[in-house]
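Asks: What follows is a predicted protein model with its sequence.
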Amino acid sequence: MNVKNFFDKDTSTLSYVVFDKITKDCLVIDPVLNFDLEESTFSTKSIDQVYKFIKKNNFNLHMILETHAHADHLSGAQFMKDKFPKSKLAIGENIKSVQKTFKHIFNFKNFNENGLQFDLLLKDNSVCSVGSFKIKTLFTPGHTPACVSYLINEKIIFTGDVLLMHDFGTGRCDFPGGSSEQMYNSIKTKLYTLPDNVKVFVGHDYMPNGRKLGYKSTIGIQKKLNPHINSMTQKKQFIKNRDNRDKTLKSPRLLLQSLQVNIDAGKLPVKEQNKQRYLKIPINQK
């Protein structure tokens, strides 16, 4: 089992292909569809790299795994499904609560918040076997209510925006339904109880202090070095520090554009009578 990372500089997002050189099986995790806010145009420059890597190696894509409904980039999941029609798109079943929240925010009257826009809704601690991979889904809410981490073959885990690099810390918890207390519990009771040698692959890297791109750590290193939550960090301390930090953060640049697409499994808005697509932006949303 091998992992290839792809970094989208525009959003500091990491996508991954997990692959088996022998069986040619592969998985894609958190693919990115690029969106230019100023020009109001999307492009496939990031997802094209993932696609070309899979085709070049003649891999068989089984599943596209989303760790959550991202608020900082549009999902490239539908692009991958169009290219690989037999692949399945999966996400944690709590996506339904996120859909309910943002259906109201965007006033999407006819939107179904049942999660059925995705092929598979995964339950906590569920295990599915595809090709040569055994994928265990761990619910790790905090950043959003629907965040999950994917433990593959009991050796590597993809933590999305919950646990970031061990010199950076954790993801923010101030999105609707987010909770610093839940994040603490997710990390302490779900992630930090895994064996220390489990490799951790993160969803973003912001390269603090000008260091080179980082995307891989281990549970043991995180427990020792993570500046937000190490093995000794107490809950009250984490909640206070995380909440105070979140108060200083601006909303993601593509928050509104991303979420209305991502709660719909990465589908772009349908074309209207003039054959034009439109995104919906609420004004002075409270």
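Replies: Everything's here; your move. Numbers count the residues shown, from 1 in each chain.
Asks: and Leu225, how many neighbours?
Replies: Neighbour count for Leu225, taken as other Cβ atoms under 10 Å: 12. Where you see a C-beta, it was placed from the backbone N, CA and C, and this is true even at glycine.
Asks: That one and Leu138: what is the separation?
Replies: 22 Å (Cβ to Cβ, to the nearest Å).
Asks: Show the pLDDT at Val130.
Replies: On the pLDDT scale, Val130 is placed at 94.
Asks: okay but Tyr278 is in contact with Val270, surely?
Replies: No. With contact defined as Cβ atoms under 8 Å, Tyr278 does not count as touching Val270 (9.5 Å).
Asks: more neighbours, those two?
Replies: Tyr278 (11 against 7).
Asks: how near is the closest residue to that one other than its chain neighbours to Ile91?
Replies: Closest residue to Tyr278 apart from its sequence neighbours, by Cβ to Cβ, 6 or more residues apart in numbering: Pro269 at 5.9 Å. Relative to Ile91, Pro269 is positioned 20 Å away (Cβ to Cβ).
Asks: Next: Asn5.
Replies: 20 Å.
Asks: So which of these two has more stuff around it?
Replies: Each of Asn5 and Ile91 has its neighbours counted (other Cβ under 10 Å); Ile91 has more, 29 against 15.
Asks: Please compute how far the helix or strand hosting that one lies from its chain's middle.
Replies: Using DSSP states H and E, Ile91 maps to strand 88-92. Remark: strand 88-92 is offset 11 Å from the chain centroid, using Cα atoms, centre = their mean, to the nearest Å.
Asks: Report the contact partners of Cys173.
Replies: With contact set as Cβ atoms under 8 Å, 6 or more residues apart in numbering, Cys173 has these partners: Gly142, His143, Ser179, Ser180, Gln182, Met183, Arg242, Asp243, Asp246.
Asks: Give me the subset of the residues you listed lying in helices.
Replies: Within these, residues falling in helices by DSSP state H are Ser180, Gln182, Met183, Arg242, Asp243, Asp246.
Asks: okay if I get these as TSV plus distance to Phe201?
Replies: What follows is the ones in helices among the contacts of Cys173, written out as TSV (distance: Cβ to Cβ, whole Å):
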residue	distance to Phe201
Ser180	23
Gln182	21
Met183	18
Arg242	22
Asp243	27
Asp246	24
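Asks: pretty sure Phe7 is touching Thr13, no?
Replies: Yes. Using Cβ under 8 Å, Phe7 is in contact with Thr13, at 7.4 Å.
Asks: So between those two, which is more surrounded?
Replies: Neighbours per residue (other Cβ under 10 Å) separate Phe7 from Thr13, with Thr13 holding more: 20 against 17.
Asks: and the next element down the chain from the strand holding Ile91?
Replies: Tracing the chain past strand 88-92, the next element assigned as helix or strand by DSSP H and E is helix 95-106.
Asks: Pull out the buried residues from that following helix.
Replies: Ile95, Lys96, Ser97, Val98, Gln99, Thr101, Phe102, Lys103, Ile105, Phe106 (16 or more other Cβ atoms under 10 Å).
Asks: Quickly run through the sheet partners of the helix or strand just after that helix, with directions.
Replies: Next helix or strand after helix 95-106 toward the C-terminus (DSSP H and E): strand 120-122. Partner strands and pairing direction for strand 120-122 (DSSP bridges) are strand 88-92 (parallel).
Asks: could you give the angle of the partner strand to helix 95-106?
Replies: Interaxial angle of strand 88-92 relative to helix 95-106 (axes from the mean of the first three to the mean of the last three Cα atoms, to 10 degrees): 80 degrees.
Asks: Contacts for stretch 246-261, please.
Replies: 11, 33, 35, 37, 69-75, 102, 106, 108, 172-174, 180, 267-269, 279-282.
Asks: Those, buried ones only, as a ChimeraX selection?
Replies: Selection of the buried residues among the contacts of stretch 246-261 in ChimeraX, burial being defined by 16+ other Cβ under 10 Å:
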select :11,33,35,69,70,71,72,73,74,75,102,106,108,172,173,180
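Asks: from the contacts of stretch 246-261, which ones fall inside strands?
Replies: Judged by DSSP state E, strands contain the following of those: Leu33, Phe35, Leu74, Ser75.
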